[in-house]
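Engineer: sharing a model prediction with you, sequence too.
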Protein chains: 2
Amino acid sequence: MNLLKNIAHFDIILASQSPRRRELLKGLDIDFRIEIIDVDESFPNGMMGVEIPMYLAEKKANAYRSIMQENSMLITADTIVWHEGRVLNKPVDEADARKMLSKLSGKTHQVITGVCISTLRKRRVFHVISEVRFARLTETEIDYYLENYKPYDKAGSYGVQEWIGFVGVEHINGSYFNVMGLPVQRLYNELKRWAE
Amino acid sequence: MNLLKNIAHFDIILASQSPRRRELLKGLDIDFRIEIIDVDESFPNGMMGVEIPMYLAEKKANAYRSIMQENSMLITADTIVWHEGRVLNKPVDEADARKMLSKLSGKTHQVITGVCISTLRKRRVFHVISEVRFARLTETEIDYYLENYKPYDKAGSYGVQEWIGFVGVEHINGSYFNVMGLPVQRLYNELKRWAE
């Protein structure tokens, strides 16, 4: 049984390498497949906050346009960690990851995911913001996390579903799944309302 | 490596049948084992809100006292769904579950977990409250969830980590893990500060 009969005729494609995003989309009980094309994730200087993940979600959608068929529905997304007016990207090395986690420690940051749903005829782009408050982390805790979890593929150097999220995240205001990488409740709503 | 050296000499016992609670405690990277004793989960009439899960967490701790050793540290917990001045317990049947989900639909409720950490010498009881806002659920969505997920072992008739949490939970204010059944960040803090 699929509740979303309005999009049942589409071949849904998730354009993401992230195992977390796959798991999250699976949670909506819809059928989809994965396609991976390498996309340059740079964005113009001066772009701020929500503009960035929305721009990148659309940029990814553009990169996939050549493989789209009449019945394709593509889902692209990008998640950023936004802290004190700056993006925290994936860390380049251990020192960088340590620096990011020290910055996040004891403070509140925003996790913003931009999502683009597109077919050959139509495109819908939106974003969801969640606020995450970190407890004050000790150096020993940061060391333990880096050594045991190696969060080098993660924006902001942390995965909320890992040990650091268990011991370090004091409070979330918004969607936990959005912090993991995909705002599934909002996405479900957008899919439910899709008419074409 | 265990960061919590202050409690390394304890034999930690989790008194819970809930696979979710086991998974959550595992996330703290501490060693523990499970012990199950049946405990009557009734509470006195007139008890309100946070009093209830704290009372039940202590009641469970009392029931386990006879199996405790000098080096035992027991963790007991109880989670309730509190909505418009009433507890929503585990549903008794499908009709009851349907009624609860209809009540939660389109509204905000509180999930409150009471936790008791106890040794033979000392006891610490605390609670954590999270606010959960549900989207308006259609009857078809409620039917789909009940049929496919059978949430009859769950307080309030829903599991936030299941489909209904993905499509239905619009917003959380507080801890997602608390809504799942154990406020791990607060628990970690309490364990870290444990001195005996």
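Structural biologist: Alright, I've got the coordinates. Numbering: from 1, shown residues only, chains lettered A, B, ... in the order given.

Engineer: strands along chain A, start to end?
Structural biologist: Secondary structure of chain A, counting by DSSP state E: strands at A:11-14, A:33-34, A:72-83, A:86-88, A:108-118, A:123-134, A:169-174.

Engineer: name the nearest residue to the residue of chain A found nearest chain B, sequence neighbours excluded.
Structural biologist: Across chain A, no residue is closer to chain B than residue A:176, which sits at 3.7 Å (CB to the nearest CB). Every C-beta, even on glycine, is put in place using the N, C-alpha and C of the backbone. Nearest non-adjacent residue to residue A:176, counting by CB to CB, 6 or more residues apart in numbering or on different chains: residue B:176, 3.7 Å away.

Engineer: for residue A:177, same thing?
Structural biologist: residue A:184 is the one closest to residue A:177 (CB to CB, 6+ apart), at 4.8 Å.

Engineer: doesn't residue A:23 make contact with the one you found?
Structural biologist: No: shown here, residue A:184 and residue A:23 do not form a contact pair, counting by CB atoms under 8 Å, at 10.2 Å.

Engineer: the more surrounded of the two?
Structural biologist: residue A:184 (26 against 14; other CB atoms under 10 Å in any protein chain shown).

Engineer: so how far is residue A:176 from that one?
Structural biologist: For residue A:184, the distance to residue A:176 (CB to CB, to the nearest Å) stands at 10 Å.

Engineer: for residue A:162, same thing?
Structural biologist: 13 Å.

Engineer: what of residue A:9?
Structural biologist: 32 Å.

Engineer: who has more neighbours, the two?
Structural biologist: A direct count of neighbours by other CB under 10 Å for residue A:9 and residue A:176 places residue A:176 higher, at 25 against 9.

Engineer: residues touching that one, list them.
Structural biologist: Counting by CB atoms under 8 Å, 6 or more residues apart in numbering or on different chains, residue A:176 touches A:130, A:160, B:172, B:176.

Engineer: again, 10 Å this time
Structural biologist: Shown in contact with residue A:176 (CB atoms under 10 Å, 6 or more residues apart in numbering or on different chains): A:111, A:130, A:132, A:160-161, A:165, A:169, A:184, B:160-161, B:165, B:169, B:172, B:175-177, B:179-180.

Engineer: equivalent analysis for residue A:10, please.
Structural biologist: So residue A:10 contacts A:4, A:30-32, A:69-74, A:119, A:191, A:194, A:196 (CB under 10 Å, 6+ apart).

Engineer: angle of the longest helix along chain A against strand A:123-134?
Structural biologist: For chain A, the longest helix by residue count, based on DSSP state H, is helix A:51-64. For helix A:51-64 against strand A:123-134, the angle by axes from the mean of the first three to the mean of the last three CA atoms, to 10 degrees is 140 degrees.

Engineer: what comes up buried for helix A:51-64?
Structural biologist: By neighbour count with 16 or more other CB atoms under 10 Å in any protein chain shown, helix A:51-64 contains the buried residues A:52-61, A:64.
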